[in-house]
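1. Make a model of this:
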Amino acid sequence: MKRFDAYDSGLLADLASISAGYPFRGKIDALPEGDVAVIQMRNADPETGIDWEGLARIELPRASAKAFLRPGDIILSTRGGRNFPYCIKERDERVVCSPHFFVIRVRTDAILPQFLAWQMMQKPAQDYFAAGATGSYILNLKREVVENLPIAIPPLPQQQHIADLDVAMRGERAILTQLIDNRAAEMTAIAQQLLAPAFQRPEQRAS
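-> Got it, this is the predicted structure:
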């Protein structure tokens with residue numbers, strides 16, 4: 001297995017700006033329909049990513065170009081002990097996220113957003129977030145904790161290679177998951193065809 005060394009390191013706040021998501025007032029689902037997509041906690045899954053089709057499309061009360069997510073932005077969930085990062089790709093629509101996310105925007109060429117998101121998903125970072133989360137009922141991640149997250153900064157070619165490996169792994173996982181789902185559906189159909197007659201009453205079987 002190829003070995004990767006971290007040649008440099010720093011804190012997240014040294015590499016990126018960190019801000020809260022859009023400051024909605026009231027329930028998002030109660031807003032009029034529009035053309036701005038909103039990423040909420042329910043739309044984000046660490047395994048499958050952002051459910052783009054399931055996003056609410058609303059009319060933004062106060063539209064501002066600074067509020068919209070850009071390609072390469074990372075959104076980090078902050079509540080409930082699910083502190084997972086999601087790197088935003090190019091979209092043909094305007095997108096914001098709820099205030100239950102931090103928006104992390106890389107401001108240096110020293111680190112790739114995709115590599116940074118991968119690093120934040122790994123166990124050392126996740127353990128760090130878990131240790132820094134506060135709250136007795138619903139855990140909450142504060143900005144200063146995120147700002148002080150230690151970040152390894154290997155050379156850019158290694159960052160790109162790791163980011164590519166992560167993309168390949170996610171693709172392989174999606175294929176395997178689909179194969180498992182297809183096999184499960186096949187077995188369910190077999191069970192229905194083979195076993196259902198045994199549960200019918202005699203008069204139903206006769207007919």
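2. mind checking pLDDT for the residue minimising distance to the centre of the chain?
-> Among the residues of the chain, the one closest to the centroid is residue 86, at 3.9 Å (C-alpha atoms, centre = their mean). What the model reports for residue 86 is a pLDDT of 95.
3. Tell me which residues touch it, please.
-> If a contact means C-beta atoms under 8 Å, 6 or more residues apart in numbering, then residue 86 has 39, 44, 49-50, 74-76, 117 as its contacts. Bear in mind the C-beta positions are built from the backbone N, C-alpha and C, glycine included.
4. Return the member of those residues nearest to residue 185.
-> residue 49 (23.1 Å; C-beta to C-beta).
5. buried ones in stretch 66-77?
-> Within stretch 66-77, the residues scored as buried using 16 or more other C-beta atoms under 10 Å are 67-69, 72-77.
6. I misspoke; the intended subject was stretch 94-106.
-> By neighbour count, and taking 16+ other C-beta under 10 Å as the criterion, the buried residues in stretch 94-106 are 94-98, 100-106.
7. ok, now stretch 15-28?
-> Quick answer for stretch 15-28 (16+ other C-beta under 10 Å): 15-16, 18, 21-22, 24.
8. Looking at those, which gets the smallest pLDDT?
-> Ranking the buried residues of stretch 15-28 by pLDDT puts residue 24 at the bottom, with 88.
9. Now the terminal residues of stretch 116-126, how far apart.
-> End-to-end distance of stretch 116-126 (C-alpha to C-alpha, to the nearest Å): 13 Å.
10. for that stretch, what is the average pLDDT?
-> Confidence for stretch 116-126, expressed as mean pLDDT, is 95.
11. burial measure for the spatially closest residue to residue 72 that is not a sequence neighbour, as a count.
-> Residue nearest to residue 72 in three dimensions, not counting chain neighbours: residue 113, with 4.1 Å by C-beta to C-beta, 6 or more residues apart in numbering. By other C-beta atoms under 10 Å, 22 other residues sit near residue 113.
12. list the contacts for residue 113?
-> With contacts defined as C-beta under 8 Å, 6+ apart, the neighbours of residue 113 are 72-74, 87, 106.
13. okay if I get the residues you listed as JSON lines plus secondary structure?
-> Converted to JSON lines, those look like this (DSSP: H, G, I helix; E, B strand; the rest coil):
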{"residue": "72", "secondary structure": "coil"}
{"residue": "73", "secondary structure": "coil"}
{"residue": "74", "secondary structure": "strand"}
{"residue": "87", "secondary structure": "strand"}
{"residue": "106", "secondary structure": "strand"}
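14. closest to residue 179 among those?
-> When the contacts of residue 113 are compared for distance to residue 179 (C-beta to C-beta), residue 87 wins out at 26.1 Å.
15. What separation do you get for the nearest residue to the closest one once chain neighbours are set aside and residue 31?
-> Here the nearest residue to residue 87 in space, its sequence neighbours aside, is residue 117; by C-beta to C-beta, 6+ apart that works out to 4.0 Å. For residue 117, the distance to residue 31 (C-beta to C-beta, to the nearest Å) stands at 28 Å.
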